[in-house]
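Visitor: Here's my sequence, what's the structure:
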Amino acid sequence: MSAIKFTKILATLGPASGNEDTIRALVDAGADVFRLNFSHGTHDQHRAVHGMIRRVEAALGRPIGILMDLQGPKLRLGTFAEGKVTLAAGARIRFDLDRTPGDAHRVCIPHPEIIGAVAAGHELLIDDGKMRLTVVARGEGWVEAQAQTAGVLSDRKGVNVPSVTLPLSAMTAKDHADLAFGLDLGVDWVALSFVQRPEDLFEARALIGERAWLMAKIEKPAALGCLDAIIAEADGIMVARGDLGVELPAEEVPVQQKRIVAACREAGKPVVIATQMLESMISAPTPTRAEASDVATAVFDGVDAVMLSAESASGAYPVEAVSMMARIIGRTEADPLQRKLMEAISSRVVATSTDAIGTAIRAVALALPVSATVAFTASGSTTLRIASQRPHSAVVSLSPRAEVAGRLALVWGVRSRCCDTTCESDAEMVAEATAACRAEDLIKPGHAVLLTAGVPFGTPGSTNLMRVVWPD
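Guide: The predicted model follows:
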């Protein structure tokens, strides 16, 4: 297996893993970044878990990324007088705005945006698609839909509208409160749920400013129609296959996953594959062969990170799930075919000195044995651009800003470190770089270390130097 894990692991914390000992065990097993799911838990609970992560981080002496995942707008049915109703195939039911408990003939959907947006022929998916209905008529304040198959509707089940872009903000009042709380805590990434268009990112971006990086979750078919624009506005992308798989036919999800990953790779933006990667390990100590192949496929494609949800948050085997994912990553990256397939897609080279140096690093690494590339960075952009070109060696990222180091923990191939980068001379720069490589156990006899930085130091976006160093 490869000694260096390039693909990162994003593990969700929850009841099964929200204690300091388990968090440390998850890091030891291979977790690089932790997800705090704000669809669940209180602020006090998230504050406590955040503190545990930072204590583990301090004990290990290396950055651990923290991603807060905002809940986003949840569209739900109202209630039924008897809690639920059973509909026969072909039965019709009216959805309206009257909050009176419903029956087999009518029920409330307390979302005028849905009623105003759908038309005859559109689908309504209830309870993660378990119940599918087709809109057949509409009037002022109501729509009528016909059940495609027999099934049950019950209180407050979720509603998906796959074929319509709903006029909803991606941020609710709860999201505003959660975001302010998370930013004050000091999270590294903010994941925005149910993004439909690039404009959905503007509000969050204005609130976040420079305090975190923003990840857009692609889980609505509407987002696929403006994918490139969303990628351009976001700092990273999550392929959230749970809701995406509800609203798209199952056979479409793998195709769209490949498309999203390719677009992110070409744009040089970090991309995460999420949901159901090792689902069976919620209750079993080993995954299915199909799940192992699913993780390996993402690694073959060169994604930045793969994510565990309930497997690490509430499952019976959280540490084993991370360990298994790390083993699959290591075995896949050790296969020569992995690099061939990953390099079938490359990031677009921009006419900047940073990208020119990134291209040079790839060329040097093909001509010389290279054990690591060291990137001195203030904002993180140099490291991002170098990593986006998927160099043959690990990227040791040195930043004076702890928040930047934490954000880069999610990025493919990056060993992120926080250190003083105000070097006064070339000799100091070489000493700082080689010391960092030794700390990461990346010095190999007869192998070079490549250095890249902006001179003078401390000026963001000024990368203009590459140097080949042969450590003693």
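Visitor: all contacts plus neighbour counts: C-alpha atoms, from now on.
Guide: Will do.
Visitor: where do the strands sit along the stretch 351-472 of the chain?
Guide: Listed in chain order, the strands of the stretch 351-472 of the chain (DSSP state E, counting those that start in this stretch) span residues 370-376, 394-399, 414-418, 448-454, 463-469.
Visitor: out of those, which comes closest to Arg35?
Guide: strand 414-418 (18.0 Å; C-alpha to C-alpha).
Visitor: What helices and strands are in contact with that closest one?
Guide: With contacts defined as 3 or more C-alpha pairs under 8 Å, 6 or more residues apart in numbering; DSSP states H and E, the secondary structure elements packing on strand 414-418 are strand 394-399, helix 402-408.
Visitor: Just list what the first one packs against, helices and strands only.
Guide: Going back to what we said before, that points to strand 394-399. Strand 394-399 is packed against strand 370-376, helix 381-388, helix 402-408, strand 414-418, with contacts defined by 3+ C-alpha pairs under 8 Å, 6+ apart.
Visitor: now those as CSV including distance to Asp175?
Guide: Listed next are the helices and strands packed on strand 394-399 as CSV, based on distance: least, C-alpha to C-alpha, whole Å:
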stretch, distance to Asp175
strand 370-376, 35
helix 381-388, 28
helix 402-408, 21
strand 414-418, 29
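Visitor: Of these, which is nearest Gln45?
Guide: Evaluated over these, closeness to Gln45 peaks at helix 402-408, with 21.2 Å, by C-alpha to C-alpha.
Visitor: so how far is the closest one from its chain's centroid?
Guide: 16 Å (C-alpha atoms, centre = their mean, to the nearest Å).
Visitor: cool, and stretch 381-389?
Guide: Taking mean C-alpha positions (C-alpha atoms, centre = their mean), stretch 381-389 and its chain are 17 Å apart.
Visitor: Could you list the domains of this structure?
Guide: When the chain is parsed into structural domains using automatic domain parsing, the resulting residue ranges are 8-72+170-334, 84-160, 353-469.
Visitor: comparing those domains, which gets the lowest mean pLDDT score?
Guide: Here the domains of the chain differ in mean pLDDT, and the lowest is domain 353-469 at a mean of 88.
Visitor: hang on, the earlier thing: next, format the domains of the chain as TSV and append mean neighbour count.
Guide: Putting those into TSV (neighbours: other C-alpha atoms under 10 Å) gives the following:
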stretch	mean neighbour count
domain 8-72+170-334	20
domain 84-160	18
domain 353-469	20
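Visitor: can you list those in TSV and add distance to Gly78?
Guide: Conversion of the domains of the chain to TSV gives the following (distance: least, C-alpha to C-alpha, whole Å):
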stretch	distance to Gly78
domain 8-72+170-334	18
domain 84-160	5
domain 353-469	39
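Visitor: right, so of those domains, which gets closest to Lys340?
Guide: With C-alpha to C-alpha as the measure, domain 8-72+170-334 is the member of the domains of the chain nearest Lys340 (8.6 Å).
Visitor: So for Pro63, which of the strands of the stretch 351-472 of the chain sits nearest?
Guide: Nearest of the strands of the stretch 351-472 of the chain (C-alpha to C-alpha): strand 414-418, 6.4 Å.
Visitor: gap between the two ends of stretch 234-252?
Guide: Between the opening and closing residues of stretch 234-252 we find a distance of 24 Å, counting by C-alpha to C-alpha, to the nearest Å.
Visitor: And for it, what's in contact with it?
Guide: Applying C-alpha atoms under 8 Å, 6 or more residues apart in numbering, the external contacts of stretch 234-252 come out as 125, 128-129, 160-162, 201, 213-221, 231, 253, 257, 260, 264, 269-276.
Visitor: Which of the domains of the chain sits closest to Ser346?
Guide: The closest approach between Ser346 and any of the domains of the chain, judged by C-alpha to C-alpha, belongs to domain 8-72+170-334 at 5.6 Å.
Visitor: Now do the closest one: distance to the chain's middle.
Guide: With C-alpha atoms, centre = their mean as the basis, the distance from the averaged C-alpha position of domain 8-72+170-334 to the chain average is 4 Å.
Visitor: Now do the end-to-end distance for it.
Guide: Using C-alpha to C-alpha, the end-to-end distance of domain 8-72+170-334 comes out at 15 Å.
Visitor: cool, stretch 337-346 as well?
Guide: The stretch stretch 337-346 measures 16 Å between its terminal residues, going by C-alpha to C-alpha.
Visitor: For the longest helix along the chain, enumerate the helices and strands it packs against.
Guide: Among the elements of the chain assigned as helix by DSSP state H, the one spanning the most residues is helix 43-60. The elements that helix 43-60 packs onto, with contact taken as 3+ C-alpha pairs under 8 Å, 6+ apart, are helix 20-29, helix 173-185.
Visitor: okay, the ones you listed in TSV with distance to Ala367 next?
Guide: What follows is the helices and strands packed on helix 43-60, written out as TSV (distance: least, C-alpha to C-alpha, whole Å):
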stretch	distance to Ala367
helix 20-29	34
helix 173-185	44
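Visitor: wait, which of the ones you listed is closest to Ala436?
Guide: Proximity to Ala436, assessed across these by C-alpha to C-alpha, is greatest for helix 20-29 (19.8 Å).
Visitor: Give me the contact list for the longest strand seen in the chain.
Guide: If you go by DSSP state E, the chain has its longest strand at strand 131-139. Outside strand 131-139, the residues that touch it by C-alpha under 8 Å, 6+ apart are 118-126, 143-153.
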